[in-house]
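# Quick check, what structure comes out for this input:
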Amino acid sequence: MKKLIKDSKAFVAIDYITAILVFCTLSVVVVSLMSNIYKQNLEVKIRSNAMAYAALLLEKIDETSYFNIVNNPNSLLDELEIDRSIFDINIQVVDVPNIKSSANDIMKVVNISVKYTFSGGTQYLNFSKLKIKEII
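Got it, this is the predicted structure:
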């Protein structure tokens, strides 16, 4: 009879060890899934902020006069409160390609590039807007 009781205790100990191993394995899977979801959520938030900043800049370009855009395009960045620690935003004013040089006196292309780094990788968003000189 004593022999049967000892065997039963050993079987219960093995059950506990197996249950703990299964629990730990499932916990690791759940934690890794939660971590991936958190990273994806954070990346979506950062990308949406970058898109929002670009949209604000595009609206400011429409509101600002042609001369201010051509002479000092970076003044738009000073007007907006942009988090420079996360986003690197560049504004360039270039001539319209493949047209006569006289037309470039009244039309320019404004290129906006938004660069941000997330999880060791650099992401870029590029936008272009045509700015036409106001005729008074």
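
# three-state assignment of Y116?
strand (DSSP: H, G, I helix; E, B strand; the rest coil).

# Next up, the contacts around it.
Contact partners of Y116, counting by C-beta atoms under 8 Å, 6 or more residues apart in numbering, are I46, R47, A50, I86, F87, D88, T122, Q123. Every C-beta, even on glycine, is put in place using the N, C-alpha and C of the backbone.

# Restricted to helices, list those residues.
I46, R47, A50 (DSSP state H).

# can I get those in TSV with neighbour count, pLDDT and distance to I14?
As requested, the ones in helices among the contacts of Y116 are exported to TSV (neighbours: other C-beta atoms under 10 Å; pLDDT from 0 to 100; distance: C-beta to C-beta, whole Å):
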residue	neighbour count	pLDDT	distance to I14
I46	17	89	48
R47	15	90	50
A50	21	88	54
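
# Can you tell me which of the residues you listed is nearest S128?
Using C-beta to C-beta, A50 is the member of the ones in helices among the contacts of Y116 that lies nearest S128, at 16.0 Å.

# Give me the distance between the closest residue to that closest one other than its chain neighbours and S48.
Among residues not flanking A50 along the chain, V114 sits closest, at 4.7 Å (C-beta to C-beta, 6 or more residues apart in numbering). Distance, V114 to S48, using C-beta to C-beta, to the nearest Å: 12 Å.

# where exactly do the strands run in the protein?
Taking DSSP state E as the test, the strands found in the chain are 87-95, 107-118, 121-132.

# I'd like to know which of those strands is closest to Y66.
strand 121-132 (5.9 Å).

# Report all helices and strands that the closest one contacts.
Here strand 121-132 touches helix 2-63, helix 66-71, strand 107-118, going by 3 or more C-beta pairs under 8 Å, 6 or more residues apart in numbering; DSSP states H and E.

# what residue lies at the spatial centre of this protein?
Closest to where the C-alpha atoms of the chain average out (C-alpha atoms, centre = their mean) is R47, at 2.7 Å.

# Lovely, talk soon.
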